[in-house]
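Asks: Provided below are the primary sequence and the corresponding predicted coordinates.
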Amino acid sequence: MIVADKKPIDEVIETIKDYEKILLLGCNECVTVCEAGGKKEVEVLASALRMYFLNNGKKVSIEEKTLERQCDHEYLEEIRDVIDQYDAVLSLACGVGVQFTADKYLSTPVLPGVNTCFLGATEKRGVWTERCQACGKCILASTGGICPVSRCAKRVMNGPCGGSTNGKCELGPDTDCAWQLIINRLEAMGKMDEYEKLSPLKDWATDRAGGPRTVEREDIQS
Amino acid sequence: MQFKNKVESGEFAILAEIEPPKGVDTTVMVENAQRVKGVVDAFIVPEMSNAVMRMSSLGGSLLLNSKGMESVMQVCCRDRNRLALQGDILAACASGVKNIIAVKGVDPGNGDHHQTRAVYDISLSELLNTMQLFQEGKDMAGINLKGSPEIFVGSNITMTATGSLLDKELEELRSKVDSGTDYFVTPPVFDMQSVNSFLKKVDLSKTHIIPTVLLLKSLGMARYISKVMPHVKIPDSVIKRLQEAPDKARECTRISMDMIETLKSEGFSGVNVSTIGWENKLPEILGVFAD
């Protein structure tokens, strides 16, 4: 999923301080799972903002709504009839949702309420780790299911590098060496012969080398 | 610092682009430059133009300097992060290359290593600010330098914009001047009409503009540029002139020579002659300026 983190409230206040009618818009997908921008976070943030503006003598109306998804035309249409009632939308969706909402409602400022961080997984409640950088050319089949692009600090394709010590990265003891993890897994699967094969030069053209990317599937387009 | 002295004293400066080789044989590069040594005030050494891998601008600039020819190093946001850019600028300045042009760089998708990652760690305006900081004795992290460089800083500007795009271009020009840009090199210019709107808004006696004169190589090249490069305007009269010329190669050279004369009479600070691979034509194009 896309992992996001809440923006500091001071930054949010600075972003919206010039508006009087604000729609605080949550999303029921990834940001709900990582507890940054779902219905519950919308309620908590809306209360905190109302209290702040009340204490500072500023009349600001903050209304709440959470859509099923903000990265989908269908669900964004749900606010079409009410969008003109607001001076701005504070979106707690990821960067995709913020942009999709902004694309749809051209004259309404759509402001981000979270920082979109990475594609990751939930380790335990309150801890999410990066697992994928969406490079567009998956090599997990040859690296024991562990991604050196997202998990090796240097994105080394034939590791480990000289900075790996006792299974840890040179960044510090809190960071596992991705290539040590790859070796451990290949060993466990009895596939160390995979490790002996040199990875070819990485083709970054599917990453960001060619500019913004599009996936087109003619077989399912209507 | 002949180039800087000429620009600042109001004399017409002559720059020429010299591409470094794709390899280590620098014979042709050096010979082409030496043929116009004394006529050209400084050679712009492009930094892997069009994202085609070749010797770096730093290497090419140092080489020309070592042969007694002034160079203009190009630094580009595409290939280096802020550490590498700062390090290379210090290396250049400490080794005598003090003219530096900053450019953004085209996407690698257009080059010959299209699978590479572009860097774009810092923007062009941040790169220009960095060179200003250097001259004040600081690096990007605010740490004091041990000896600060003097840099004659250049950047690029487009003169063919009109309407709201022109306003945007003028805003960019002002912003770059505020960031310490001393002179501007433009994309190729083929007539004055296409830059008239720009010139009505810019005082050439105060802003140092150095247009590029691009040597056309054929009628086909002229048509191609006209079709696919919207910021480069080739008037129909130039196309017609080439169509009617019995010796098209000779006419291409004449078109460049005429354009240089026009730019000089219009009060520009200088010219940048670009021959993209035909540097052996430089003596002919610049012959009139030889002693």
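Replies: Structure received. Numbering: from 1, shown residues only, chains lettered A, B, ... in the order given.
Asks: ok, the one residue sitting closest to the centre of chain B to chain A distance?
Replies: With distances taken as CA atoms, centre = their mean, the residue of chain B nearest its centroid is B:Val185 (5.1 Å). Noted for B:Val185: a distance of 25 Å to chain A, by CB to the nearest CB, to the nearest Å. For the C-beta atoms, the positions are set from N, CA and C on the backbone; glycine is no exception.
Asks: surely A:Met24 is within a helix?
Replies: Just so we're on the same page, residue A:24 is Leu rather than Met. No: assigned with DSSP: H, G, I helix; E, B strand; the rest coil, A:Leu24 falls outside any helix and is strand.
Asks: can you name the residues bridging to it?
Replies: In this entry, A:Leu24 is beta-bridged to A:Glu64, A:Leu90, by DSSP bridges.
Asks: what's it in contact with, if anything?
Replies: Going by CB atoms under 8 Å, 6 or more residues apart in numbering or on different chains, A:Leu24 touches A:Val42, A:Leu45, A:Ala46, A:Leu49, A:Ile62, A:Glu63, A:Glu64, A:Lys65, A:Leu90, A:Leu92, A:Gly113.
Asks: report the buried members of those.
Replies: When the contacts of A:Leu24 are checked for burial by 16 or more other CB atoms under 10 Å in any protein chain shown, the buried set is A:Val42, A:Leu45, A:Ala46, A:Leu49, A:Ile62, A:Leu90, A:Leu92, A:Gly113.
Asks: quick check: closest non-adjacent residue to the first one.
Replies: Just to be clear, that refers to A:Val42. Once flanking residues are discounted, A:Val42 sits nearest to A:Gly26: 3.9 Å by CB to CB, 6 or more residues apart in numbering or on different chains.
Asks: ok, the one you found - how many residues close by?
Replies: 29 (other CB atoms under 10 Å in any protein chain shown).
Asks: with B:Pro246 instead?
Replies: B:Pro246 sits with 6 neighbouring residues when counted by other CB under 10 Å.
Asks: what of the one 5 residues further on?
Replies: A count of neighbours around B:Glu251, defined by other CB under 10 Å, yields 18.
Asks: what's around the closest residue to it other than its chain neighbours, how many residues?
Replies: Distances taken as CB to CB, 6+ apart put B:Ala245 closest to B:Glu251, at 3.5 Å, once the chain neighbours are dropped. Other residues within reach of B:Ala245, judged by other CB under 10 Å, total 15.
Asks: assign A:Thr129 to helix, strand or coil.
Replies: Using three-state DSSP, the structure places A:Thr129 in strand.
Asks: pretty sure it is touching A:Ile146, no?
Replies: No: using CB atoms under 8 Å, A:Thr129 makes no contact with A:Ile146, being 12.0 Å away.
Asks: when the two are compared, which one has more neighbours?
Replies: A:Ile146 (20 against 13).
Asks: element containing that one, please.
Replies: Using DSSP states H and E, A:Ile146 is not contained in any helix or strand.
Asks: report the contact partners of it.
Replies: A:Leu140, A:Ala178, A:Leu181, A:Ile182, A:Arg185.
Asks: and the second one, what does it touch?
Replies: With CB under 8 Å, 6+ apart as the criterion, the residues that contact A:Ala178 are A:Ile146, A:Cys147, A:Pro148, A:Arg151, A:Cys152, A:Gly159, A:Pro160, A:Cys169.
Asks: give the other helices and strands that the biggest strand by length in chain A contacts.
Replies: If you go by DSSP state E, chain A has its longest strand at strand A:114-124. Contacts defined by 3 or more CB pairs under 8 Å, 6 or more residues apart in numbering or on different chains; DSSP states H and E place strand A:114-124 against strand A:2-6, strand A:127-132.
Asks: any idea which of these gets closest to chain B?
Replies: Nearest to chain B, of all the helices and strands packed on strand A:114-124, is strand A:127-132, at 16.8 Å by CB to the nearest CB.
Asks: ok so, going back, adding distance to chain B and mean pLDDT, write the helices and strands packed on strand A:114-124 out as a markdown table.
Replies: Shown next, in a markdown table, are the helices and strands packed on strand A:114-124 (distance: least, CB to the nearest CB, whole Å; pLDDT from 0 to 100):
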| stretch | distance to chain B | mean pLDDT |
| --- | --- | --- |
| strand A:2-6 | 22 | 98 |
| strand A:127-132 | 17 | 97 |
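Asks: just these: most buried one?
Replies: strand A:2-6 (a mean of 22; mean count of other CB atoms under 10 Å in any protein chain shown).
Asks: so B:Phe43 is in which element?
Replies: Taking DSSP H and E as the criterion, B:Phe43 maps to strand B:42-45.
Asks: ok, and what's touching that strand?
Replies: Under the criterion CB under 8 Å, 6+ apart, residues B:2-3, B:13, B:15-20, B:33, B:57, B:60-61, B:64, B:69-74, B:99, B:101, B:185, B:272 lie in contact with strand B:42-45.
Asks: so among the residues you listed, which ones count as buried?
Replies: B:3, B:13, B:15-20, B:33, B:57, B:60-61, B:64, B:69-74, B:99, B:101, B:185, B:272.
Asks: what comes into contact with the longest strand of chain A?
Replies: A:1-7, A:31, A:33-34, A:36-37, A:92-96, A:128-134, A:150.
Asks: same thing but 10 Å
Replies: By CB atoms under 10 Å, 6 or more residues apart in numbering or on different chains, the surrounding residues in contact with strand A:114-124 are A:1-8, A:11-12, A:26-27, A:30-31, A:33-37, A:41, A:45, A:90-98, A:127-134, A:147, A:150.
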